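Peer 1: Pasting the sequence and the predicted model now:
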Amino acid sequence: MNRKTILYIAASADGYIAKPGDNLDFLNAVAQEGEDYGYGAFYDQIDTVIMGKRTYDWVMEQVSEFPHQGKETYVLTREKLDPIGTIQFYSGNLSELVSRLKTRTGKHIFVDGGAQTVHRFLEDGLLDEVIISYIPVLLGEGIRLFQGRVAEQKLELVSSKNYTSGLVQVHYRVVW
């Protein structure tokens, strides 16, 4: 299997991944018992996670146990920090990390946000696929999914699916 870097993320219809104050309560608008919008199937296809330190810190404030236990995880940071279990704090070159991970045998690589990490992946042309679940709400402000300028990157639609909750999920392949 050729390992791919895949962004899997939710955003408001106007492109925000969080409200001011890192508030994610808008995601509750589509919460339905027993519905995970394909996340479980996606998660089974990955064995490595890359996320930003700000996202990691936010997650750890919300839960008692790291949600990616058992997955090799790289937290992008400028600080030199000691590993915690399968979590590596990485301050090196992102392109080198992705290149090294892709040469190894394994499942796909989950790019788990946040916005600064997504921007770095786009800036360096490191994303292979993008899966965005659009929540039917306009936030008007907050943290934008796509920040700053990046080079144009063509996307090819793999699939799209709409759900009764109003969520629309699009899956694109980045065309090189």
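Peer 2: The structure has been received and is ready for your questions. Numbers count the residues shown, from 1 in each chain.

Peer 1: Name the nearest residue to the residue nearest to the spatial centre of the chain, sequence neighbours excluded.
Peer 2: The centroid of the chain falls nearest to Asp112 when counting by CA atoms, centre = their mean (2.7 Å). Nearest residue to Asp112 in three dimensions, chain neighbours excluded: Met51, at 4.1 Å (CB to CB, 6 or more residues apart in numbering). Where C-beta positions appear, they are placed from N, C-alpha and C, glycine not excepted.

Peer 1: again with Phe110
Peer 2: Looking at Phe110 with CB to CB, 6+ apart, the closest residue is Ile46, at 4.3 Å.

Peer 1: residues touching that neighbour, list them.
Peer 2: Applying CB atoms under 8 Å, 6 or more residues apart in numbering, we find Ile46 in contact with Ile6, Lys71, Lys107, His108, Ile109, Phe110.

Peer 1: pLDDT value on the fourth one, please?
Peer 2: Per-residue confidence for His108 comes out at a pLDDT of 98.

Peer 1: ok, it - how many residues close by?
Peer 2: His108 sits with 20 neighbouring residues when counted by other CB atoms under 10 Å.

Peer 1: which residues does it form a beta bridge with?
Peer 2: Note on His108: beta-bridge partners Ile46, judged by DSSP bridges.

Peer 1: wait, it sits on Tyr8?
Peer 2: No: His108 is beyond contact range of Tyr8, at 9.8 Å (criterion: CB atoms under 8 Å).

Peer 1: Please report the distance of Val170 from Ser64.
Peer 2: 33 Å (CB to CB, to the nearest Å).

Peer 1: who has more neighbours, these two?
Peer 2: Under the neighbour definition other CB under 10 Å, Val170 and Ser64 were set side by side, and Val170 has more, 16 against 5.

Peer 1: Pull out the buried residues from the host helix or strand of the more buried one.
Peer 2: Using DSSP states H and E, Val170 falls within strand 168-175. With burial defined by 16 or more other CB atoms under 10 Å, the residues of strand 168-175 counted as buried are Gln169, Val170, His171, Tyr172, Arg173, Val174.

Peer 1: wait, the first one sits on Ile135?
Peer 2: By that I understand Gln169. No: between Gln169 and Ile135 there is no contact under CB under 8 Å: 10.3 Å.

Peer 1: Okay, and the beta partners of Ile87?
Peer 2: Following DSSP bridges, Ile87 is listed with bridge partners Thr73, Ile84.

Peer 1: which residues touch it?
Peer 2: Counting by CB under 8 Å, 6+ apart, Ile87 touches Tyr56, Phe66, Thr73, Tyr74, Val75.
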